[in-house]
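**Q** Provided below for reference: sequence and predicted model.
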Amino acid sequence: MRCLVVAHMRALALIFCLGTLAVASCFASSACAHAQAPPPAGAPAPAPVLTAAQQGYLALARSGVAHAQRRWRDPRRGWYDARLDDHERYPLATIWDIVPLFESLDAITIAQPTSTNRHAVARFAAGAERYLNRGLRPIPGYSPYPGDREPNTETWFDDNGWWGLAFLEAYRATGTRRYLTDAERALRYIAAAGWEPNGGGIWWNTHHPYKSGPALAADTLLATLIYQQDQSAFALAQAQKFIAWANTGGFSGAEGLYTDSSVSATPVDYIESPLIYAQAVLCRITSAPGDCERAEELKATALRRFGYLLDFSPQYDAIYLQWMLALYALDGDPRLYEMAADNAHDAQLRALDEEGLYVYSWAGEPLPASVAEPDSLQTQAATTSLFAWLAVYPPPG
């Protein structure tokens, strides 16, 4: 893991070169407050005043989305392919392939809530609802491929968490309550089918191979943020149950962080930040200072463990940074923003191929097949999502 600290001014200098300068705004801007409830359905969101840095990141995010739409959208099937020039029988993107594109559109709209951007979220969300499988038992949930309808479809509980979070951010971006309902549907499916009632933990998928750290992380954060929005007693109960298990059965005392699974104690970055942020949010809502202290300890341990410049793979590292940025908005720790900004700088300089697509690692290297498919929408969209979330949050100072 590379731990070289790069000055934040390097990233800002490049952003200024984009020619999208604006008057600097404030840390307390409405764009900075993740905890802020969205406006009522149909009401226009207040437009935040973006700093020059935010405008630069917004330009990068919009460009990344445009490239994804131009190169990965499949006009014949009306959706996106998982890979460039994909000729497989089932070429369309799975939930895991495409969730960072959903998040990118959400973040762009939160940063710049224009009617055009809200309509883009609405168009995408309509396609995202095609992943709902009403044939699943005991209740409907989101299966990996659009149009899945069979009750025995192998379905992932981390997918449902990430997809639910993207719908929740769509609600935040647009105020359309339908998307909150879509997010709640994911949580109810997880609670009904994914939670192990005898001993606790959340299964990776419906075949129950092992308890999953990514599922636990995504689903815990989903429950927490739903409770934050609608004060649902059900969501709070799930969040508290999931966190209690995470801090016992899902925790490695030797590592001081959450485990990858019930068969691997290795911590992974994109598991840690959602669980840290969930506890930081919940402790403020429920006035539980112990949870706040635990979140601070976990944050310090994660920063030591994973370093500053990340080198796992964009689809994982972007999730880690997304929720570290949200934590920055909550606790004001400038290190979290600076880490995200410097990783974004490396991605902008090094991850592009000759077509201008973000298909390489943030260090500029081809990604091994063990962590990412070649020429994948997921890699393009994950890097784009980092730029998009940086557009939401004003820099410190």
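**A** Perfect, thanks for sending it.

**Q** which pLDDT value goes with A41?
**A** pLDDT for A41: 44.

**Q** and the closest residue in space to S212 that isn't next to it in sequence, what is it in contact with?
**A** What sits nearest to S212 in space, not counting adjacent residues and going by C-beta to C-beta, 6 or more residues apart in numbering, is W204, at 3.7 Å. Any C-beta I mention is one placed from the backbone N, CA and C, and that applies to glycine too. Neighbouring residues of W204 by C-beta atoms under 8 Å, 6 or more residues apart in numbering: W156, F157, D158, Y210, K211, S212, P214, A215, S261.

**Q** distance of W204 relative to L298?
**A** Here the distance between W204 and L298 works out to 22 Å (C-beta to C-beta, to the nearest Å).

**Q** other SSEs contacting the strand or helix carrying A391?
**A** Here A391, judged by DSSP states H and E, is contained in helix 377-392. The contact analysis (3 or more C-beta pairs under 8 Å, 6 or more residues apart in numbering; DSSP states H and E) places helix 377-392 against helix 52-72, helix 95-111, helix 314-331, helix 334-350.

**Q** buried residues, the third one. List them.
**A** For helix 314-331, the buried set under the neighbour-count rule, 16 or more other C-beta atoms under 10 Å, comprises 314-330.

**Q** check contacts around Y227.
**A** Applying C-beta under 8 Å, 6+ apart to Y227 gives the contacts A235, L236, A239, L282, I285.

**Q** among the residues you listed, name the ones in helices.
**A** A235, L236, A239, L282, I285 (DSSP state H).

**Q** ok, and the closest non-adjacent residue to the residue most central in space within the chain?
**A** In the chain, the centroid-proximal residue (C-alpha atoms, centre = their mean) is I319; its distance is 4.6 Å. With sequence-adjacent residues excluded and distances taken as C-beta to C-beta, 6+ apart, I319 is closest to Y270, at 4.0 Å.

**Q** one more: R77?
**A** L92 (6.1 Å).

**Q** same question, W323
**A** S273 (3.8 Å).

**Q** what about that neighbour, which helix or strand?
**A** Here S273 is assigned to helix 269-286, by DSSP H and E.

**Q** quick one on the thing from earlier: now distance to T266 too, for the helices and strands packed on helix 377-392, in a markdown table please.
**A** Shown next, in a markdown table, are the helices and strands packed on helix 377-392 (distance: least, C-beta to C-beta, whole Å):
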| stretch | distance to T266 |
| --- | --- |
| helix 52-72 | 30 |
| helix 95-111 | 20 |
| helix 314-331 | 13 |
| helix 334-350 | 21 |
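
**Q** okay, those, which one's buried deepest?
**A** For the helices and strands packed on helix 377-392, average neighbour numbers computed from mean count of other C-beta atoms under 10 Å are highest in helix 95-111, which has a mean of 26.

**Q** what is that one packed up against?
**A** Using 3+ C-beta pairs under 8 Å, 6+ apart: helix 95-111 touches helix 52-72, strand 79-80, helix 115-128, helix 157-174, helix 314-331, helix 377-392.

**Q** include mean pLDDT and distance to A340 when you put these into CSV, please.
**A** What follows is these, written out as CSV (pLDDT from 0 to 100; distance: least, C-beta to C-beta, whole Å):
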stretch, mean pLDDT, distance to A340
helix 52-72, 98, 10
strand 79-80, 98, 25
helix 115-128, 98, 21
helix 157-174, 98, 17
helix 314-331, 98, 4
helix 377-392, 98, 6
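
**Q** do you know which of those lies nearest Y142?
**A** In terms of C-beta to C-beta, the element of these nearest to Y142 is helix 157-174, at 4.9 Å.

**Q** which strands and helices lie in contact with that closest one?
**A** Secondary elements touching helix 157-174 (3+ C-beta pairs under 8 Å, 6+ apart): helix 95-111, helix 115-128, strand 141-142, helix 177-189, helix 213-230.
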